[in-house]
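> starting from these lines, generate the structure:
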Amino acid sequence: MAGDLIEAGYRVVRVLTATDALKACGKCRPELVVAQLAIPCQKAWQLAPKLVMLDCDTRVVSYGAEVAVHDYAMADFLGIEELIEYRGDLFRLSTRIRQVLVSESPVQTESKYRRVA
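Numbering: from 1, shown residues only. Sure thing, here's the model as predicted:
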């Protein structure tokens, strides 16, 4: 997935924990955060309100092999743009994330690379 994003012109910053994600977002100010639903120590949807405090324009997409009904409800409530259930099919996941990226807001950055954490 990272290779697909790099090929599409995005700068990819990979992190392992929610705390590291918040630190990276504070430094990089990404346009989009792609988070695995089951990150260590907390659910990815718990990042959304914290990201809003850093930058309300950051888009959040989350994914999981299997997604529970309550996760869809929480993601909707917290403004997560997309919650993708990919059922272990990484090609499907990558394709869906690229579709989300194509539908990005009309505001373009001046940087050569768009940022994804």
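
> which SS state does Arg14 fall under?
coil (DSSP: H, G, I helix; E, B strand; the rest coil).

> which is the next helix or strand following the host helix or strand of Lys50?
Secondary structure from DSSP states H and E places Lys50 in helix 47-54. Sequence-wise, the next helix or strand downstream of helix 47-54 (DSSP H and E) is strand 59-64.

> ok, that next one: who's next to it in the sheet?
Here strand 59-64 is paired, per DSSP bridges, with strand 32-36 (parallel), strand 82-85 (parallel).

> average pLDDT across the first one?
When you say that, I think you mean strand 32-36. Here strand 32-36 scores 85 as its mean pLDDT.

> quick one: buried residues of it?
32-35 (16 or more other C-beta atoms under 10 Å). For the C-beta atoms, the positions are set from N, CA and C on the backbone; glycine is no exception.

> now do the host helix or strand of Ala73: which elements does it pack against?
Assigned by DSSP H and E, Ala73 belongs to helix 69-78. The contact analysis (3 or more C-beta pairs under 8 Å, 6 or more residues apart in numbering; DSSP states H and E) places helix 69-78 against helix 47-54, strand 82-85.

> pull the shortest one out as PDB, backbone CA atoms only.
Read it as strand 82-85. Extracted as PDB, the C-alpha positions of strand 82-85 are listed here (Å, rounded to 0.1, in the frame of the first residue of the first chain):
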ATOM      1  CA  GLU A  82     -14.100   6.200   5.200                       C
ATOM      2  CA  LEU A  83     -14.000   3.000   7.100                       C
ATOM      3  CA  ILE A  84     -12.900   0.200   4.800                       C
ATOM      4  CA  GLU A  85     -13.500  -3.500   5.600                       C
END
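
> could you give the mean pLDDT of it?
The model assigns strand 82-85 a mean pLDDT of 90.

> coming back round to it: as a markdown table, the strands paired with strand 59-64 with distance to Asp4 would be great.
Output for those, formatted as a markdown table (distance: least, C-beta to C-beta, whole Å):
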| stretch | distance to Asp4 |
| --- | --- |
| strand 32-36 | 11 |
| strand 82-85 | 14 |
